[in-house]
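1. How does the following fold in three dimensions:
(one chain, ligands or ions: 4)
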Amino acid sequence: MFAVHLMAFYFTKLKEDQIKKVDRFLYHMRLSDETLVDIMTRFQAEMEKGLGKDTNPTASVKMLPTFVRAIPDGSENGEFLSLDLGGSKFRVLKVQVSEEGKQNVQMESQFYPTPNEIIRGNGTQLFDYVADCLADFMRTRDLTHKKLPLGFTFSFPCRQTKLEEGFLLSWTKKFKARGVQDTDVVGRLANAMKKHKDLDVDILALVNDTVGTMMTCAYDDPSCEVGVIIGTGTNACYMEDMSNIDLVEGDEGRMCINTEWGAFGDDGALEDIRTEFDRELDLGSLNPGKQLFEKMISGLYMGELVRLILLKMAKVGLLFGGAKSSALLTKGKIETQHVAAMEKYKEGLANTREILVNLGLDPSESDCIAVQHVCTIVSFRSANLCAAALAAILTRLRENKKQTRLRTTVGMDGTLYKTHPQYPKRLHKVVRRLVPNCDVRFLLSESGSTKGAAMVTAVASRVQAQRKQIDKVLALFQLTREQLIGVQDKMRTELEYGLKKKTHALATVKMLPTYVYGMPDGTEKGKFLALDLGGTNFRVLLVKIRSGRKSVRMYNKIFAIPLEIMQGTGEELFDHIVQCIADFLDYMGLKGVQLPLGFTFSFPCRQTCIDKGTLVGWTKGFKATDCEGEDVVDMLREAIKRRNEFDLDIVAIVNDTVGTMMTCGYEDPNCEIGLIAGTGSNVCYMEEMRNIELVEGDEGRMCINTEWGAFGDNGCIDDICTQYDKEVDEGSLNSGKQRYEKMTSGMYLGEIVRQILIDLTRQGLLFRGQISQRLRTRGIFETKFLSQIESDRLALLQVRRILQQLGLDSTCEDSIVVKEVCGAVSRRAAQLCGAGMAAIVEKRREDQGLEHFKVTVGVDGTLYKLHPHFSRILQETVKDLAPQCDVTFMLSEDGSGKGAALITAVAKRLQQQGKEN
Ligand code: BG6
Ligand code: BG6
Ligand code: GLC
Ligand code: GLC
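-> Residues are numbered from 1 along each chain as shown. Ligands and ions are numbered 1, 2, ... in the order given. Sure thing, here's the model as predicted:
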C-alpha cells in the first residue's frame, strides 16, 4: 500500500518536475490572456488595414473580396462539378442539390494524388494534371455528354474582381508551381480543359476553402457567417458589410471576405511573440518570411515545430540524456498526426514512447512526459492564436451589427481541428473567454467545403441564366449594320415619296414646304418678338439684330404650359399663349410697341406661305382640341383679338428645325440642315425647288420640314420594332403615329426603358420581382435622368441614388441592369437617328452630283445636348453610313428663337419690298 502511494507520489513529482522544466524552457510560447487580447486588438487593426483602399496595398492581411454575397437560402438546385484543391487531399466531386421541399444534397467524389513534382513543378503541367483528373472523373461517371457548371475550391489567396476569376497572389503551404502567380487560375484551368475536346465544363465560381466551409455549414445553419480552416494551412472568412469594403463598388448588403489571416505578422507585427523555433522553421520552409501566423498554427508546421524544440532540448541536455537520433535531425520526421497521437487522453504517453522509439530514440519515462508537454504547449499556443484572431472577427461582426450580444455560428474544417483530441475544446473555451459577449456555436463541416462551393456555383449559375435572359432583351435593341443600312434606304425612299406629287398624299414622311428660301445673309436687322412653342420649354423672346457686326441680343422668359392646357381646347391654349405674351411685354415694358413676330411652332404644319400654317396633327405631349386642320397663325391672331389689349404683326411661322438651321446658318453659311433631337425628333434641309413638286417654280431652293418623326407609320420599320416600342406607342397620345420619333426622341426613350424594366421585373430579373407603383407611373424617366444614369463619371452608388430619387428601390445589381437598359435604348436611338441623317446627306450629295459633300448640320434638343453618348454615336453612324459626306454638327446655343427672328426679318423685308413694288 505504502509502495503504491510512494510510486504515485514519485510519478506526480516526476511529472511536475518535467512540466516545470518544459514550461520554463518554452516560457515564451505560453501566451497569457492579456497577450491574447493584445493580439486580438492587433488583428482588428490588420483587418481594417486590409479593407481600406489606400492601406490594402501594404497590408499583410489581404482581406480579399470573394464576390459571394449571401449565404444559401435553400432555393439552390442543380447538378454541379466541383474541384477541391489545396488542402491535404485533392478531390473531384459531383454534387446534386435539390429543393424538393426539403434540402437534399448528394455527393460523389474521388480523391486523386498530388505528387510533389506536380505541385512544385511547372504551372501548366499542374493545371493539365487537374484537368486530366477532372476528365477522368467525368468519363468514369459517364458525365461527358453534359455541360455542367463547375465550382473550383482553390485554397490559396486569390485577388478576385468577380466570382469566376481570381489571380493567385502567392502560393502557400506545400504548393509552389512555377508561372502561376499573378495569373487567373480559372482561365488556366479553362485552358487546360480545352485539351479535352469531348468535355464541356463551365467554371462559374472560384471559392476559397474557408468560404466553401462557411457555405456548407450555412446550408444547415443559416446563422453561420464565419468559416475557419485549421488544417494544412489556416485561414478564416466572414460576412462583411459592403459599406466597409472599399475595394468593391456598392454599399448594400454584405460580402464574404477571405481574410487570409495566415499572413498576419508578415510585416513584423508578431515579432515579439515569435520564438527562435518559429524563425528556424520559417527559414527551412518553401516560403520564408511569408505566412508567419499560419506557421505558428497549422498542421503543416506543427510537427516540425515540435521536432525543432525537441532537438534543441536534446542538444542542451534537457531530453534523452543529450542524445539525438538521425531521424530527430531530419526535417519533417515529426508530423502533426504524431502530435495529436501523443496528446491523446489515455494512450498519449504510450503513443509518445512509441513515436520516440520509432524516431530511433531511447526515451525515459520523464522524457516521454516532457515531450508530451512540449506537444501540449505547441498545440495550445496554436489554438490560442486562432482563438485571438477569431475573437477579433467575432467582435467586428458584433460591432457591424451594432449588437451588444452576438449569437452566431462558425463553420469549422481542417484535419488539425478534426483529428487533434484536445484542440476544438481548447479553442472554443478560449474564444468564449476572449469574447464573453458572443454566443458562438462551432459547427463542424462534415462534408468538406465542396457542398458550400456547389451552393455558390448554384447561385452563380442562376445569375448566369438570368444574365442570358437580360441579354436576350437587350439584343432586341442591337441593330446590325445591315439593319441600319436598311433604315437608311427606307428613309431615302420615304423622302422621295413625300416630295413627289403622285405619292405625297399617301406618304408618311410629309416633306412640308416652309417657304424659307435662303439662309440669312447678315443684312438682317431690327427688333423682333419670337414665340418658341413645342419643345421642353415655352418661351417668349425679344430679339435685337444688328447688321454689319452680326450681333444678336436676346431677352427671353420661360412660361409653363400646364398639362390641362396642352390637352384642353385650342382656344384655351392660344389664350394662355397670349396671356404669356402679355406678361412678357409688361415685363419688358413693351406694351403698345408693335413688333413683328416670328412664331416657332414645333409641330407639323402645312404651309402655303410663310405666315400661314395648318396644323397637320399634334405630336409629342400636345392634344388641344379644335386645332388640327386649322391655321394656327389665325388662331393666335384671334386669341390676340379676344384679349383686345395689344396688336401683333405675325410675320412668319417656323418649325423648330428650321429655326435651328437658321440660328446656326447665321454663323456658318454651310449649314443647310437643321436637326432636333429633343422631346421630339425632326429634320429640315435645303432642297432644290425642282424637286419640290408641290410648289411652283424650279429655281433656287427651299427649306423642307421633313417631319421624319412619322417615318415608319406605314409599318416599314416594324421589323426592328420591339414589343416595348409597341407598348410605348399604345400608351401614347397619338397611337400608331410618329413611330420613328417614338424610337429616337427624349419623350419616349424613358418610356421604352420603363417598359423594359417592367418586363424584366415581371421575369423576376429586377427589383426583387416587385413591380412598384412608381414603376407603373408613366413618364418617370425624363431625358435628364436617362442622361445622368448613363454618365460614365457616375459610380454605381450614384446611379442607385438617382433610381432611389425616382422612387425605385434598387440594389446595386439592379442599378447595373438599369444602366445597361438605358444604354441599349439610347444607343439604338442615336443609331437610328444617324441612319436617317445619312439618308438626307446622301440624297443631297447625289442630287448635286458630287463625289464629296461637305455640310453643316445645326442641332438642338435636350437629348443631343444632355445625353453623354447620343451625339457621338449619332455622328459615328452618319460617318459610317455616308462615308462620302463630310458632316459637321453644330450645336445651336441660342435655341430656335433667334432663327425665327432672322426668318421674320427676311420675310418683313420681302413684305415691304412687295408693298413698295
Ligand atoms: C477539407 C475541405 O475538408 O478541408 C478542403 O474540403 C479544405 O477544401 C480542407 O482545404 C482543409 O483541411 P486540410 O487539413 O485538408 O488542409
Ligand atoms: C430649343 C429650341 O432649344 O430646343 C426649341 O429653342 C426646340 O425650338 C427645342 O423645340 C427642342 O428640344 P427639346 O428637348 O426642348 O424638345
Ligand atoms: C492557406 C491558404 C488559404 C487557405 C488556408 C487553409 O492559408 O493561403 O487560402 O484558406 O491555407 O487551407
Ligand atoms: C415633333 C414635331 C416636329 C418637331 C419635332 C421636334 O416631331 O412634329 O414638328 O420639329 O417634334 O421638336
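2. Please list all residues in contact with Gly87.
-> Going by CB atoms under 8 Å, 6 or more residues apart in numbering, Gly87 touches 155, 209, 229, 231-233, 414-415. All C-beta atoms are positioned from the backbone trio N, CA, C, and that covers glycine.
3. check contacts around the residue lying closest to Gly265 once chain neighbours are set aside.
-> For Gly265, ignoring the flanking residues on the chain, the nearest one in space by CB to CB, 6 or more residues apart in numbering is Leu292 at 4.0 Å. With contact set as CB under 8 Å, 6+ apart, Leu292 has these partners: 263-266, 270, 274, 278, 282.
4. which phi and psi does Leu292 have?
-> Backbone torsions of Leu292, given as degrees, to the nearest 10, read phi -70, psi -30.
5. swap in Cys609?
-> According to degrees, to the nearest 10, Cys609 has phi -160, psi 180.
6. I'd say it and Tyr515 touch.
-> Yes. If you go by CB atoms under 8 Å, Cys609 and Tyr515 touch, sitting 5.5 Å apart.
7. just to revisit the earlier point, just among the contacts of Leu292, which is most surrounded?
-> In terms of neighbours by other CB atoms under 10 Å, the contacts of Leu292 top out with Phe264 at 29 neighbours.
8. That one contacts Ala389, correct?
-> Yes. Phe264 is within contact range of Ala389, at 6.7 Å (criterion: CB under 8 Å).
9. ok, now which ones touch the nearest residue to Leu319 once chain neighbours are set aside?
-> In this structure, Leu319 finds its nearest non-sequential neighbour in Met313, 4.3 Å apart by CB to CB, 6+ apart. The neighbours of Met313, taking CB under 8 Å, 6+ apart as the test, are 22, 25, 319, 370, 374.
10. ok, whichever strand or helix holds Met313 near ligand 3 or not?
-> With secondary structure defined by DSSP states H and E, Met313 is part of helix 299-315. No. Against ligand 3, helix 299-315 shows no contacts by CB under 6 Å from any ligand atom, the least distance being 8.7 Å.
11. So for that helix, mean pLDDT?
-> Averaging pLDDT along helix 299-315 gives 98.
12. And stretch 780-797, by the same measure?
-> Stretch 780-797 comes out at a mean pLDDT of 84.
13. quick check, it touching ligand 4?
-> No. Stretch 780-797 is not in contact with ligand 4 by CB under 6 Å from any ligand atom; minimum separation 12.6 Å.
14. Quick check: buried residues in that stretch?
-> 780-783, 785-790, 794, 796 (16 or more other CB atoms under 10 Å).
15. Same question for stretch 758-772.
-> 758-761, 765-767.
16. and stretch 688-706, what's its mean pLDDT?
-> 96.
17. Can you check the distance spanned by it, start to finish?
-> 14 Å (CA to CA, to the nearest Å).
18. and that stretch, which residues are buried?
-> Neighbour-count burial for stretch 688-706 [16+ other CB under 10 Å]: 689, 691-692, 701-706.
19. likewise stretch 414-426?
-> So for stretch 414-426, counting by 16+ other CB under 10 Å, buried means 414-418, 420, 422-424, 426.
20. Name the nearest of those relative to ligand 2.
-> Gly414 (64.2 Å; CB to the nearest ligand atom).
21. give me phi/psi at the nearest residue to that closest one once chain neighbours are set aside?
-> Nearest residue to Gly414, sequence neighbours excluded (CB to CB, 6+ apart): Gly231, at 2.8 Å. Taking degrees, to the nearest 10, you get phi -140, psi -130 for the backbone angles of Gly231.
22. Return the distance of Gly231 relative to Thr376.
-> From Gly231 across to Thr376, the span is 20 Å (CB to CB, to the nearest Å).
23. When those two are compared, which one has more neighbours?
-> Ranked by neighbour count (other CB under 10 Å), Gly231 and Thr376 place Gly231 first, with 26 against 19.
24. Can you verify my assumption that that one contacts Thr419?
-> No. At 9.5 Å, Gly231 does not count as touching Thr419 under the criterion of CB under 8 Å.
25. circling back to that earlier point, keep the contacts of Leu292, but drop any that are not near ligand 3.
-> Okay, of the contacts of Leu292, nothing touches ligand 3 (CB under 6 Å from any ligand atom).
26. Can you tell me which of these end up in helices?
-> If you go by DSSP state H, the contacts of Leu292 have 278, 282 in helices.
27. Pipe the contacts of Leu292 into TSV and attach distance to Thr66 per row.
-> Below are those laid out as TSV (distance: CB to CB, whole Å):
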residue	distance to Thr66
Ala263	16
Phe264	18
Gly265	23
Asp266	21
Leu270	25
Arg274	29
Asp278	29
Asp282	28
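28. To what extent is the residue of the stretch 551-700 of the chain found nearest ligand 1 buried, counted in neighbours?
-> Using CB to the nearest ligand atom, Ala677 is the residue of the stretch 551-700 of the chain that sits closest to ligand 1, at 56.8 Å. By the criterion of other CB under 10 Å, Ala677 has 27 neighbours.
29. cool, Glu165 as well?
-> So Glu165, with other CB under 10 Å, has 16 neighbours.
30. Packing partners of the helix or strand hosting Arg800?
-> Assigning secondary structure by DSSP H and E places Arg800 in helix 796-805. Packing partners of helix 796-805 (3 or more CB pairs under 8 Å, 6 or more residues apart in numbering; DSSP states H and E): helix 783-790, helix 812-847.
31. sorry, back to before: can you list residues touching both of Phe264 and Ala389?
-> The contact lists of Phe264 and Ala389 share 43, 293, where a contact means CB under 8 Å, 6+ apart.
32. hang on, the earlier thing: which of the contacts of Met313 tops the neighbour count?
-> Leu319 (30 neighbours).
33. From what I see, that residue and Val371 are in contact.
-> Yes. Assessed by CB under 8 Å, Leu319 is found in contact with Val371 at 7.1 Å.
34. between these two, what contacts are shared?
-> 310, 363.
35. just to revisit the earlier point, any chance of the buried residues of stretch 414-426 in CSV, plus pLDDT, secondary structure and distance to ligand 3?
-> Putting those into CSV (pLDDT from 0 to 100; DSSP: H, G, I helix; E, B strand; the rest coil; distance: CB to the nearest ligand atom, whole Å) gives the following:
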residue, pLDDT, secondary structure, distance to ligand 3
Gly414, 97, coil, 7
Thr415, 97, helix, 10
Leu416, 98, helix, 10
Tyr417, 98, helix, 11
Lys418, 97, helix, 13
His420, 97, coil, 16
Gln422, 95, coil, 21
Tyr423, 98, helix, 15
Pro424, 98, helix, 17
Arg426, 97, helix, 19
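36. Show me the subset of these that also lies near ligand 1.
-> 414-415.
37. Which members of the buried residues of stretch 414-426 are the farthest-apart pair?
-> Thr415 and Arg426 (16.3 Å; CB to CB).
38. what's the closest non-adjacent residue to the residue of the stretch 201-350 of the chain found nearest ligand 4?
-> With CB to the nearest ligand atom as the measure, Glu249 is the residue of the stretch 201-350 of the chain nearest to ligand 4, at 37.9 Å. Closest residue to Glu249 in three dimensions, ignoring its sequence neighbours and counting by CB to CB, 6+ apart: Leu796, at 4.7 Å.
39. so how far is Leu163 from Ile71?
-> From Ile71 to Leu163 the distance is 15 Å (CB to CB).
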